[in-house]
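1. model the following, please.
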Amino acid sequence: MPTNLESVYGVAYTPNTKQDVERFVPEDGAIRDDLKFIGKKIDRIRLYSVTGAPARAAMFAQDIGLSVDLGVWIGADHQSNRGEIDALGRLLRDGYIAGRVTVGNEAILRAEQSVETLLAYIAGIRTATDIPVGAAEPWHIWMDHPSLAKGVDFIGVQLLPYWEGIPVADAAAYAMTRLRALQAAYPGKPIVVTEIGWPSQGERIGGAIASRINQNRFLREATTLLASSGTPYFVIEAFDRPWKIKTEG
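-> Take a look at the predicted model:
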């Protein structure tokens with residue numbers, strides 16, 4: 001990771017990160033090796049699901065002393081969503097200690113769920129645990145949907161200036177401007193930057209150019225600003241994910 005690892009609050013982790021095939025299911029040993037590698041420098045990870053390999057990652061991470069923000073993957077299929085929520089319930093009943101629970105990752109942005117349905121999922125989970133429960137969406141989704149912000153314990157915001165075409169020279173300051181706007185819109189509501197990062201390869205988007213040099217610059221500047229503000233954040237992501245080339249360029 002192209003920044004001072006000791007200063008990073010946390011990283012996003014998905015157990016299939018080092019594979020070329022999205023659906024590849026990694027062996028337990030590979031997941032443990034990933035987490036041990038992360039744990040040498042970083043204390044926290046964020047997961048996106050509580051079923052399959054991510055569920056095993058959650059248990060392995062706890063075994064080696066990593067703090068975990070659990071994720072409940074919410075998509076368009078209600079049955080699959082219920083499976084995720086039920087899996088979370090089992091973890092919590094077994095005494096799993098998580099830092100936070102993030103219900104949905106850009107489910108509203110992808111138009112896979114309505115705000116009302118996502119809030120219903122969140123409300124059900126909040127009644128079952130004292131762990132803070134939130135959702136993760138880009139800044140503009142939160143600004144456009146005050147009811148969503150009202151219904152969560154914390155706002156999980158994705159700050160990804162590259163995908164908005166912001167030149168790297170302006171990107172860290174831009175991210176902080178969006179963060180401060182959210183803080184002003186929802187005073188007193190805890191905010192976690194659930195994703196922040198810059199790709200090392202990819203297509204040019206407006207003034208944003210993907211490169212290792214720009215990745216290094218953005219992460220160095222952004223993590224410094226976030227640390228000075230006291231805002232929790234997770235760098236996306238722990239390892240390269242080559243399969244994203246096919247879906248995201």
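2. quick one, what contacts residue 13?
-> Residues in contact with residue 13, defined by C-beta atoms under 8 Å, 6 or more residues apart in numbering, are 34, 35, 38, 45, 46, 47, 57, 237, 238, 239. For every residue, glycine as well, the C-beta is placed using N, CA and C.
3. show residues contacting the host helix or strand of the first one.
-> Right, the one you point to is residue 34. Element membership for residue 34 (DSSP states H and E) is helix 28-39. Residues from elsewhere that reach helix 28-39, judged by C-beta under 8 Å, 6+ apart: 11, 13, 15, 17-18, 45, 53, 56-57, 60-61, 64-66, 238-239.
4. figure out how far it is from the centre of its chain.
-> 19 Å (C-alpha atoms, centre = their mean, to the nearest Å).
5. got any ranges where this structure has weak pLDDT?
-> 1-6, 17-25, 242-249 (pLDDT under 70).
6. next, the spatially most central residue of it: secondary structure please.
-> By C-alpha atoms, centre = their mean, the chain has its centre lying nearest to residue 194, at 3.9 Å. Of the three states, residue 194 takes strand under DSSP: H, G, I helix; E, B strand; the rest coil.
7. please apply the same query to residue 129.
-> Strictly by three-state DSSP, residue 129 counts as coil.
8. again, but for the one 5 residues further on
-> For residue 134, the secondary structure call by three-state DSSP comes out as strand.
9. distance-wise, check it relative to residue 177.
-> 21 Å (C-beta to C-beta, to the nearest Å).
10. again with residue 91
-> With C-beta to C-beta as the criterion, residue 91 and residue 177 are 37 Å apart.
11. show me where this structure has its helices.
-> Assigned by DSSP state H, the chain shows helices spanning 28-39, 52-63, 78-93, 115-126, 139-144, 146-150, 168-185, 212-229, 244-248.
12. could you count how many residues lie near the residue nearest to residue 186 when sequence neighbours are not counted?
-> Spatial nearest neighbour of residue 186, excluding adjacent residues (C-beta to C-beta, 6 or more residues apart in numbering): residue 149 at 5.0 Å. The tally of other residues near residue 149 (other C-beta atoms under 10 Å) stands at 20.
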